[in-house]
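Asker: give me coordinates for this.
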Amino acid sequence: MIDTGINIEPLRQDLKIFKNERQKDGAPSWLIYDPLKKNYYQINALEFLIISNWHLLDPEKIILKIKKETTYFPTLNDIKEVANFLNLNGITQTLSLNKNSPNSLMKLLSSNFDSLYFFKIPLFNPSKFLVKFDWLSSILFKKNFYYIFFVIFFLSLYLISREWNSYKNQFSYLLTLEGAILGFIALLLSKLFHEFGHAIAARRFGLSVEEMGVNLIVFWPIFYTDTTHAWKLSSRSQKMIVDSAGVIAELMLAILSTLLWSITPEGYIKGMLWSLSSTTWLITLFINLNPLMKFDGYYLLSDFLGIPNLMSRSLLVFKIKLKNIFFTPKEIALERSFIPFFTFYGGVCWLYRFFLYLAIAYSAYIFYFKFLGILLFLLIFLKMIFI
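Answerer: Modelled structure (predicted):
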């Protein structure tokens, strides 16, 4: 067997591959479903053929078989790009540590980097509970409902304008212990609305929602709803509705809270309504619509552009461009028209993540224990620069 310098690891046995909708140019596509990460990855026809023959574990044999049985003519560079994609997303089995894979230890550490600061805790399966809200779904997806809500929106603006000084001065109340507690409860309530917004929208389009829980990012809790199956939707508009349903649910809660604040007497409830109508939805817009992390904003951007796996592909292109500056240049297996956008978006994501990871490592060093902070600093440079 000729040494091609391509490290081919066996695929995980739990993966599922099935036919997907055609791409914009009419070309066929497939989806790889990773049940561990609950992620979907879209691949094209050539990538599908390469992965279908991955069990051969030899680039030359894979190329010869595809050339013999199809009209495609893959190259070693195509095999290498697929290998990079599979390893980058943890789709292969455990990396072997041997002389033919000198960087495998670095890749193994890098692939497990996120688990040092990111923990997912599933809490319950909401599928049976969501059945009880089918009546609400039928109301929420009617145009007349939004006409009524626009009226509520303008009415709330009118009422709040009459008490604007009182409304804006209530911000100081948030700085008190009582206000902070009410603000936290309001934030918790708004996030529950957010997640159930995603779940109700997904169920509306026939998708199963089997998991809701909490992500701990450096021990800071963030609710999540598993709507991964939205990849199955053939309609881009339906995908975007599922993506944005959480933010829309919170904005609706904020509008309703604004209206109720203006007619509620002073007390704890009025303070919570103020938090729901002001700070909580602003936090949502700032965090959830951020397209540089895998929150709602990223999935909206990816579905709007019709580019699956946008972030992973962009980061890969940017890293290749970065390595080309210092090492032997290699080609990027993409249409030239896509490369500038992928490079720009990948570069912005890379910089954002780099400084975010540095902040996380610094927080771990200061607030938890120094060894973890030092380990994170080392892995950041390993993950962001060398891998």
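Asker: pick out the residue closest to the middle of this protein.
Answerer: The chain has residue 294 as the residue nearest its centroid, 2.6 Å off, counting by CA atoms, centre = their mean.
Asker: which non-adjacent residue is nearest that one?
Answerer: residue 311 (6.7 Å; CB to CB, 6 or more residues apart in numbering). Heads up, the C-betas are built off the backbone N, CA and C, glycines and all.
Asker: that older thread, how about the residue nearest to the centre of the chain, secondary structure?
Answerer: coil (DSSP: H, G, I helix; E, B strand; the rest coil).
Asker: could you verify my assumption that it touches residue 310?
Answerer: No. Counting by CB atoms under 8 Å, residue 294 sits too far from residue 310 to count as a contact (9.9 Å).
Asker: secondary structure element for the residue nearest to residue 294?
Answerer: Per DSSP states H and E: residue 311 is located in helix 310-326.
Asker: just after that helix, pick out the following helix or strand.
Answerer: Assignment by DSSP H and E places the next element after helix 310-326 at helix 339-363.
Asker: for that following helix, packing partners?
Answerer: helix 310-326, helix 370-381 (3 or more CB pairs under 8 Å, 6 or more residues apart in numbering; DSSP states H and E).
Asker: lowest average pLDDT across those?
Answerer: Ranked by mean pLDDT, those bottom out at helix 370-381, with a mean of 73.
Asker: on that earlier part again, list the contacts for the residue nearest to residue 294?
Answerer: Contact analysis of residue 311 by CB atoms under 8 Å, 6 or more residues apart in numbering lists 294, 298, 302, 345-346, 349.
Asker: what helix or strand is the nearest residue to residue 190 once chain neighbours are set aside on?
Answerer: Spatially, and ignoring its direct neighbours in sequence, residue 190 is nearest to residue 280 (4.2 Å; CB to CB, 6+ apart). Take DSSP H and E as the rule and residue 280 turns out to sit in helix 279-288.
Asker: picking up where we left off before, now the contacts of residue 311: which count as buried?
Answerer: 298, 302, 345-346, 349 (16 or more other CB atoms under 10 Å).
Asker: and of these, the nearest to residue 284?
Answerer: If you rank the buried ones among the contacts of residue 311 by distance to residue 284 using CB to CB, residue 298 comes first, at 14.7 Å.
Asker: got the contact list for the closest one?
Answerer: Residue 298 sits in contact with 290-292, 310-311, where contact means CB under 8 Å, 6+ apart.
Asker: could you do residue 120 as well?
Answerer: Residue 120 neighbours (CB under 8 Å, 6+ apart): 213-216, 224.
Asker: quick one: it is in a strand?
Answerer: Yes. Judged by three-state DSSP, residue 120 forms part of a strand.
Asker: can you tell me how far it is from residue 292?
Answerer: 20 Å (CB to CB, to the nearest Å).
Asker: go on, residue 131?
Answerer: 36 Å.
Asker: between the two, who's got more neighbours?
Answerer: residue 292 (17 against 9; other CB atoms under 10 Å).
Asker: got the phi and psi for that one?
Answerer: phi -100, psi 0 (degrees, to the nearest 10).
Asker: quick one: pLDDT of it?
Answerer: 89.
Asker: count of neighbours near the closest residue to it other than its chain neighbours?
Answerer: Leaving aside its chain neighbours, residue 292 sits nearest to residue 352 (4.3 Å; criterion: CB to CB, 6+ apart). Residues contacting residue 352 under the criterion other CB under 10 Å number 14.
Asker: check residue 214 too.
Answerer: 15.
Asker: run me through the strand neighbours of the helix or strand hosting it, direction for each.
Answerer: Using DSSP H and E, residue 214 sits within strand 212-217. Using DSSP bridges, strand 212-217 pairs in its sheet with strand 118-124 (antiparallel), strand 220-225 (antiparallel).
Asker: any stretches of the stretch 51-200 of the chain with poor pLDDT?
Answerer: The stretch 51-200 of the chain contains residues with pLDDT under 70 at 94-118.
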